[in-house]
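1. Got a sequence here, can you build the structure:
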Amino acid sequence: MNQNCALYAQYWAGGPGVAILDHERYFFEAADFNGTWSRSYRQSLSDLSFVIDNGNNSSKAAAQILSVQIYQQLVDVFGDIPYSEALRGSLDKGSILTPKYDTGKSIYDDLIKKVDAALVLLQSPEAMGTEDLIYGGNSANWIKYANSLKLKLLMRQAGKDATVADAVKAVVAKGNFIESASDMPVVTFSGTTGGWNPQFARNESGIKMFYVASNSYVKKMEELGDPRLEVLFNDAVNTGTIVGLDQGNINDLISPQKADFSYPSTVQYSASNPVVIMSNWEVYFLRAEAAMRFGTADDQVDMFNNAISSHFAYVGAGDASDYIESNAKLDPAAALDTKLNILSSQKWISMCGIQETEGWIETRRFDRPGNQVFTGSGTGIFRTPTRTVLGQGVFPSIFLVPQSELSFNPNAPRDRKITDKVFWDN
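-> Predicted coordinates:
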């Protein structure tokens with residue numbers, strides 16, 4: 001999912017060696033989404049369900065928190081999905097082989113309750129030890145993760161439903177969030193054979209990395225004078241500079257060579273890179289937005305600056321103070337829309353090559369009517385891919401229902417279009 005979302009979020013573009021650019025020209029078939037669906041339900045959620053049913057308090061809570069995040073992302077990319085009847089195919093759970101589809105909003109409401117239940121379990125922690133591959137049994141960090149995830153579930157709805165304000169204020173007042181790199185839930189990889197980062201392993205088992213920097217990302221970073229561009233992408237061999245490519249444009253060029261373009265650096269693409277489940281800069285951005293929208297106990301400027309500084313530190317771009325002062329200064333007295341446009345651009349920048357799926361999700365959430373910072377016609381950051389099948393200025397906003405569901409589950413919606421919206425989308 002992350003790799004495709006890197007295209008949808010226009011972080012990467014298909015470079016030399018790519019023969020088929022269907023996803024870049026927004027031509028999709030339902031079967032394209034089978035893998036994401038199967039890995040989520042049949043593997044991850046099924047395994048976590050076993051732990052929830054059989055683990056001790058801390059293990060149950062950890063599995064519950066991870067399940068919540070998986071369901072959150074499934075709603076955010078697929079919309080309505082099986083939830084209340086999902087994972088109930090066994091005899092003891094009802095033998096439900098064709099689960100009904102629940103609305104995204106109802107799922108979100110229940111996910112928040114599940115986070116609260118996990119937090120209760122973590123008040124009486126029990127040893128997890130080495131079976132906890134994320135925090136090594138540190139229940140205090142699971143609590144920070146749970147609080148941060150709850151804030152995300154609330155804030156993802158904030159642009160469409162201001163009634164979450166009181167709940168957001170309560171979560172922020174309680175505090176205890178992911179704040180440092182050591183608080184972040186990550187899965188580490190050794191970088192040795194059999195211990196590769198999954199995205200790296202997937203590419204290296206095939207034709208290796210064939211994505212280059214998208215001009216949508218390059219041009220925005222150049223406009224801002226952002227030093228992270230040189231950290232996240234390598235200079236093109238033939239020019240010694242950062243050279244991107246318009247989305248879906250490689251087949252329009254005459255004899256393009258790999259040395260003509262900039263490829264993701266090891267910050268984005270490496271055998272030993274960890275998988276970041278939730279980052280401290282993401283949480284700071286959420287807290288900044290919450291302060292802007294609802295006047296929480298946090299200082300919006302401090303949270304915004306902390307978000308940028310945390311990302312600079314993580315990718316190794318040095319001190320962010322001068323950059324913030326010159327190119328990303330937030331005026332707390334500015335109109336809300338103005339502040340949200342600045343925040344959304346910086347949040348999108350920070351997820352390149354690390355949290356690509358969340359990056360694409362957030363571009364859709366912040367691209368609201370009257371302030372289309374990403375897809376606005378003629379003024380947005382995104383570029384319409386050449387040979388697009390959707391038309392000028394039209395971009396995907398949801399995944400199709402997988403073919404596996406259409407074939408075997410009569411409850412699966414049959415009328416999904418790639419331009420439909422999830423419940424929180426403006």
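2. now stretch 351-365: how far from the chain's centre is it?
-> Going by C-alpha atoms, centre = their mean, to the nearest Å, the spacing between the C-alpha centre of stretch 351-365 and its chain's C-alpha centre is 4 Å.
3. Quick one: end-to-end distance for stretch 404-422.
-> Length of stretch 404-422, first residue to last, C-alpha to C-alpha, to the nearest Å: 21 Å.
4. how about the strands in the stretch 1-150 of the chain?
-> 12-14, 81-82, 101-102 (DSSP state E, counting those that start in this stretch).
5. cool, and the stretch 251-400 of the chain?
-> Under the criterion DSSP E, counting those that start in this stretch, the stretch 251-400 of the chain carries strands at the ranges 275-276.
6. right, and the strands of the stretch 1-150 of the chain - which one's nearest Thr375?
-> When the strands of the stretch 1-150 of the chain are ranked by distance to Thr375, counting by C-beta to C-beta, first place goes to strand 12-14 at 16.5 Å. Where you see a C-beta, it was placed from the backbone N, CA and C, and this is true even at glycine.
7. average pLDDT for that closest one?
-> Throughout strand 12-14, pLDDT has a mean value of 93.
8. Can you tell me the centre-most residue of this structure?
-> Within the chain, one residue has its C-alpha closest to the average C-alpha position: by C-alpha atoms, centre = their mean, that is Glu358, at 1.3 Å.
9. isn't Ser345 right next to Ile381, touching?
-> Yes - in this structure Ser345 lies within contact range of Ile381 using C-beta atoms under 8 Å: 7.1 Å.
10. any residues in contact with both of these two?
-> By C-beta atoms under 8 Å, 6 or more residues apart in numbering, Ser345 and Ile381 have these common neighbours: Lys220, Val373.
11. Buried residues, stretch 82-94. List them.
-> Buried positions in stretch 82-94, judged by neighbour count with 16 or more other C-beta atoms under 10 Å: Pro82, Tyr83, Glu85, Ala86, Leu87.
12. Name the nearest residue to the fourth one, ignoring sequence neighbours.
-> By the measure of C-beta to C-beta, 6 or more residues apart in numbering, the closest residue to Ala86 outside its immediate chain neighbours is Pro99, 5.1 Å from it.
13. okay, now that neighbour: neighbour count?
-> Here the number of neighbours of Pro99 (other C-beta atoms under 10 Å) works out to 21.
14. Check Lys100 too.
-> Counted with other C-beta under 10 Å, residues neighbouring Lys100 total 14.
15. Got the domain ranges for this protein?
-> Taking automatic domain parsing as the domain assignment, the ranges for the chain are 1-17+183-189+196-386, 25-157+401-417.
16. Just the terminal-to-terminal distance for the first one.
-> Read it as domain 1-17+183-189+196-386. Separation of the first and last residues of domain 1-17+183-189+196-386 by C-alpha to C-alpha is 23 Å.
17. And for the shortest one?
-> Across its full length, domain 25-157+401-417 reaches 15 Å between end residues, using C-alpha to C-alpha.
18. got a list of what the residue nearest to the residue nearest to the centre of the chain when sequence neighbours are not counted touches?
-> Leaving aside its chain neighbours, Glu358 sits nearest to Met351 (5.5 Å; criterion: C-beta to C-beta, 6+ apart). For Met351, the contacting residues are Ala9, Tyr11, Glu282, Glu358, Gly359, Glu362, by C-beta under 8 Å, 6+ apart.
19. Could you save these as TSV and add columns showing distance to Val237?
-> As requested, the contacts of Met351 are arranged in TSV below (distance: C-beta to C-beta, whole Å):
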residue	distance to Val237
Ala9	26
Tyr11	21
Glu282	33
Glu358	31
Gly359	27
Glu362	33
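20. Name the helix or strand of the protein that has the lowest mean pLDDT.
-> Considering only helices and strands, the least confidently modelled element of the chain by mean pLDDT, DSSP states H and E is helix 198-204, at a mean of 85.
21. got the buried residues for it?
-> With burial defined by 16+ other C-beta under 10 Å, the residues of helix 198-204 counted as buried are Gln199, Phe200, Asn203.
22. Adjacent strands (with direction) for the helix or strand just after it?
-> Scanning forward in sequence from helix 198-204 by DSSP states H and E, the next helix or strand is strand 211-213. The sheet places strand 211-213 alongside strand 12-14 (antiparallel), with pairing taken from DSSP bridges.
23. hmm, who's touching the partner strand?
-> With contacts defined as C-beta under 8 Å, 6+ apart, strand 12-14 is touched by 6-7, 21, 24, 210-215, 244-250, 264.
24. what do you get if the cut-off is 6 Å, keeping everything else the same?
-> Ala6, Leu21, Glu24, Tyr211, Val212, Ser214, Leu245, Gln247, Ile250 (C-beta atoms under 6 Å, 6 or more residues apart in numbering).
25. try stretch 82-96
-> Residues contacting stretch 82-96 (C-beta under 6 Å, 6+ apart): Ser49, Leu97, Pro99, Lys100, Tyr101, Asp102, Ile107.
26. could I get that stretch in PDB with only the CA atoms?
-> Taking only C-alpha atoms (Å, rounded to 0.1, in the frame of the first residue of the first chain), the coordinates of stretch 82-96 have been written out as PDB:
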ATOM      1  CA  PRO A  82     -16.500  -5.200   7.100                       C
ATOM      2  CA  TYR A  83     -16.000  -4.600  10.800                       C
ATOM      3  CA  SER A  84     -18.600  -5.700  13.200                       C
ATOM      4  CA  GLU A  85     -18.900  -9.100  11.500                       C
ATOM      5  CA  ALA A  86     -15.300  -9.300  10.300                       C
ATOM      6  CA  LEU A  87     -13.000 -12.100  11.500                       C
ATOM      7  CA  ARG A  88     -16.000 -14.200  12.600                       C
ATOM      8  CA  GLY A  89     -15.600 -17.100  10.100                       C
ATOM      9  CA  SER A  90     -14.900 -19.800  12.700                       C
ATOM     10  CA  LEU A  91     -17.700 -21.900  14.300                       C
ATOM     11  CA  ASP A  92     -17.200 -20.400  17.700                       C
ATOM     12  CA  LYS A  93     -17.600 -16.900  16.300                       C
ATOM     13  CA  GLY A  94     -20.700 -17.400  14.200                       C
ATOM     14  CA  SER A  95     -19.400 -18.900  10.900                       C
ATOM     15  CA  ILE A  96     -19.900 -15.500   9.200                       C
END
